[in-house]
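**Q** Quick one: sequence plus predicted model below, questions after.
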Amino acid sequence: MAFGELIVRGRIATLAGERGLGWVEAVAITGGRIVAAGSRDEIDALVGPRTRQLELSPDEAALPGLTDAHLHLAEGGLSAERIDLTASRSIDEALEEVRRAHTTLPPGAWLEGHGWDADRLGGWPTAASLDSVAPGRRTAIWAHDHHALWVSPAALEAGGINELTSDPEGGLIRRDAAGRPTGVLHETASRLMTGVVPPPAMDAAERAVVALARGLVALGVVAVHDPGALSMQTGLGPIFAGYRRLSDRGELPVRVHVSVREEQLDAAIEAGLRSGDPLGDPRGRARMGWLKLFADGTLASRTAALLQPIEPEPGAPLPPGTERGMFTTSPERLAELAGEAADAGIACQIHAIGDRAVRAALDALGPTRARASLVPRVEHVQLVDPADVPRFRAGGVAASVQPIHLRTDAAAARRLWGSRAEAFGYAWGALARAGAQLAFGTDAPVEPIDPWPGLAMAVTRRDASWGTDAPMFGSSQALSLDQSLRAACIGPAVLAAERDRGRLVAGQRADLVVIPRAALDEPVEPGGALATARPRLVVMDGEVAFEARA
């Protein structure tokens, strides 16, 4: 008889089978893997003289470790060291934060940050306003959704951007009545700063990744799909190299699949990188992910590519010809790049918010499925035409979605998309019923790294911040608790071709999270036990990776 090295007893959700939580009373772990799951009597037979035994309290339950299928790990870690305007509710508040940061920086240093939102600020910010509080400072601050860049006059000058600079394809330079840039660069126009904004030092990138990853483990997240960093650099860059070094040294707290962006594709192919391959040491935790492409912009920036125009906004007219958003990469170019990557063994993921962009992404990805070692995927899928819902399963394309976006975007979606919003927006239920593979993420640092509110949002379609009487957003699109958990535990593993992760059954990696039992037993409510869950214990590969202090 093979004895277990670790026995865990209690209320354990294995996610075995096709539906339900798959409750068992105990699991046995040996060599970092589950060797048995069943009743207490069955597992007690595997107790040996050196077996460690863990008894959950009656108020606790265990489930498989979570994977965040869309989290900018390096960018999120670096953002923690930069100015954050998420809490700013006016341009004056944002400028006061900029002024404070300016006074702490040495002359010549760039001031970088993220988090502003034009709707929250009450209008679009300007370069001139930055110069009023940080005169002469080269400043570059990403919007909340990272699809617009607010820059200072000195930064515009450094990038050679002036009234003679043309809008790049798939981008927009916001201008005044005289045609002069006002200081906001939308979509691909932000790439005009490529090579101008300095890259992070490799050591800083490594520290940022490790710090944020440790926080993720404490939340029960054991793996991440990083869709690439907005480093504004060509080549693979210091962040990619930092991942490789951390993996080689065995210092990555979580498993990571690291994607590359369009400007990095040639370097990745030249380096012989293929999706799923280890980066450096095969025993390390970093692997090559996908090629990340962008079909369109975002809801907040009014740049999501739509089949029908957005609803008119009084007092906020759009530039002529932009009522249906915009493609940031043409459908023809998407298909070309996805095919080129697939020929080199690199699978593709495509950012697509609007229904027109989702259709173009499906057109581009479907033909690559047979050549992709990892599952091709559409990111976000915030609005999808009903005719395209069955195409996900038929084309072998996954839907990588971030339920927490609904908390942020519900009001804007109703306002801009009208009746389409709740019928076809954030259509997780329709996708699940059609057999599409769902994978959940947070999109941090666009949203917080905490996965639990998003798990609850997928079930409730409401958030506590909306008020107690707020109606569900598209009730027909709600998921069950087990569907939500499977999209956070199993779905990402399927996308990454990791068949040994996501369930607590024999042969699977022993990744286990202990949380309050109420999170899985009580009805899911906005702000309830699931949305506020905090792990007491996290096990990775059979070893304790986190334990909350008593």
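**A** On my side now, so go ahead.
**Q** tell me what the top helix by length along the chain is packed against?
**A** If you go by DSSP state H, the chain has its longest helix at helix 202-218. Helices and strands touching helix 202-218, by 3 or more CB pairs under 8 Å, 6 or more residues apart in numbering; DSSP states H and E, are helix 73-79, helix 237-248, strand 537-540, strand 543-547. C-beta here means a position set from N, CA and C on the backbone, and glycine is covered the same way.
**Q** Return the distance of it from the chain's centre.
**A** When distances are taken as CA atoms, centre = their mean, to the nearest Å, helix 202-218 is centred 16 Å away from the chain's centroid.
**Q** now the helices for the stretch 451-550 of the chain?
**A** 452-460, 481-489, 491-495, 518-521 (DSSP state H, counting those that start in this stretch).
**Q** Need these in TSV (columns: mean neighbour count and distance to residue 504).
**A** Formatted as TSV, the helices of the stretch 451-550 of the chain follow (neighbours: other CB atoms under 10 Å; distance: least, CB to CB, whole Å):
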stretch	mean neighbour count	distance to residue 504
helix 452-460	26	17
helix 481-489	24	9
helix 491-495	25	13
helix 518-521	18	13
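**Q** do you know which of these lies nearest residue 470?
**A** Closest of the helices of the stretch 451-550 of the chain to residue 470 is helix 452-460, at 10.3 Å (criterion: CB to CB).
**Q** so where is the protein shaky, pLDDT-wise?
**A** Along the chain, the model assigns pLDDT under 70 to residues 1-3, 229-235, 313-321.
**Q** Residue 303 and residue 187 touch, don't they?
**A** Yes. Judged on CB atoms under 8 Å, residue 303 makes contact with residue 187 at a distance of 5.8 Å.
**Q** intersection of neighbour lists for those two?
**A** 147, 172, 297, 326, 328 (CB atoms under 8 Å, 6 or more residues apart in numbering).
**Q** Dump those residues to TSV, plus neighbour count and distance to residue 532.
**A** Below are these laid out as TSV (neighbours: other CB atoms under 10 Å; distance: CB to CB, whole Å):
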residue	neighbour count	distance to residue 532
147	26	30
172	21	40
297	28	33
326	25	38
328	26	36
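**Q** Check those against residue 536 and report the nearest one.
**A** residue 147 (37.8 Å).
**Q** Show me what the helix or strand harbouring residue 421 is packed up against.
**A** Following DSSP states H and E, one finds residue 421 within helix 420-424. Identification of packing neighbours for helix 420-424 by 3+ CB pairs under 8 Å, 6+ apart yields helix 405-417.
**Q** Pull out the buried positions in the helix holding residue 421.
**A** For helix 420-424, the neighbour count (16 or more other CB atoms under 10 Å) marks 420-422, 424 as buried.
**Q** if we can go back for a sec, and residue 213, which of the helices and strands packed on helix 202-218 is closest to it?
**A** Closest among these, once you apply CB to CB, is helix 73-79, at 6.5 Å.
**Q** Now do the closest one: which elements does it pack against?
**A** So helix 73-79, by 3+ CB pairs under 8 Å, 6+ apart, packs with helix 202-218, strand 221-226, helix 237-248.
**Q** With respect to burial, which of those scores highest?
**A** Ranked by average neighbour count under the criterion mean count of other CB atoms under 10 Å, the helices and strands packed on helix 73-79 are headed by strand 221-226 at a mean of 28.
**Q** got the angle between that one and helix 202-218?
**A** 140 degrees (axes from the mean of the first three to the mean of the last three CA atoms, to 10 degrees).
**Q** Using CSV, write out every CA atom in strand 221-226.
**A** Taking C-alpha atoms only, strand 221-226 is exported to CSV below (Å, rounded to 0.1, in the frame of the first residue of the first chain):
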residue,chain,number,x,y,z
VAL,A,221,-4.6,32.1,-7.0
VAL,A,222,-1.9,29.5,-8.0
ALA,A,223,-1.4,30.3,-11.7
VAL,A,224,-1.7,33.3,-14.0
HIS,A,225,-2.0,33.9,-17.7
ASP,A,226,-0.1,37.3,-18.3
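**Q** strands paired with that strand, and their directions?
**A** strand 66-68 (parallel), strand 255-261 (parallel) (DSSP bridges).
**Q** And the contacts of the helix or strand that the last one is followed by?
**A** Same thing as strand 255-261. Next along the chain after strand 255-261, taking DSSP H and E as the criterion, comes helix 265-270. Contacts to helix 265-270, defined as CB under 8 Å, 6+ apart, come from residues 234-236, 260, 288, 291, 337, 340-341, 344, 346.
**Q** and if you look at stretch 190-202?
**A** With CB under 8 Å, 6+ apart as the criterion, stretch 190-202 contacts 78, 110, 112, 140, 148-149, 151, 155, 158-161, 165, 168, 171, 173, 185, 208, 231-234, 237-239, 241-242, 245, 263.
**Q** ok, of those residues, which come out buried?
**A** 78, 110, 112, 140, 148-149, 151, 155, 158-159, 161, 165, 168, 171, 173, 185, 208, 231-233, 237-239, 241-242, 245, 263.
**Q** Could you list the domains of the protein?
**A** 6-64+504-547, 82-193 (automatic domain parsing).
**Q** So which of the ones you listed is nearest residue 251?
**A** domain 6-64+504-547 (13.3 Å).
**Q** show me the contacts for the closest residue to residue 131 other than its chain neighbours.
**A** Distances taken as CB to CB, 6 or more residues apart in numbering place residue 153 nearest to residue 131, at 5.2 Å, with adjacent residues excluded. With contact set as CB under 8 Å, 6+ apart, residue 153 has these partners: 127-128, 130-131, 183.
**Q** hang on, the earlier thing: TSV please, covering the helices and strands packed on helix 202-218 and showing distance to residue 397.
**A** Converted to TSV, the helices and strands packed on helix 202-218 look like this (distance: least, CB to CB, whole Å):
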stretch	distance to residue 397
helix 73-79	24
helix 237-248	26
strand 537-540	30
strand 543-547	32
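**Q** Out of the helices of the stretch 451-550 of the chain, which gets nearest to residue 363?
**A** Of these, nearest to residue 363 by CB to CB is helix 491-495, at 19.7 Å.
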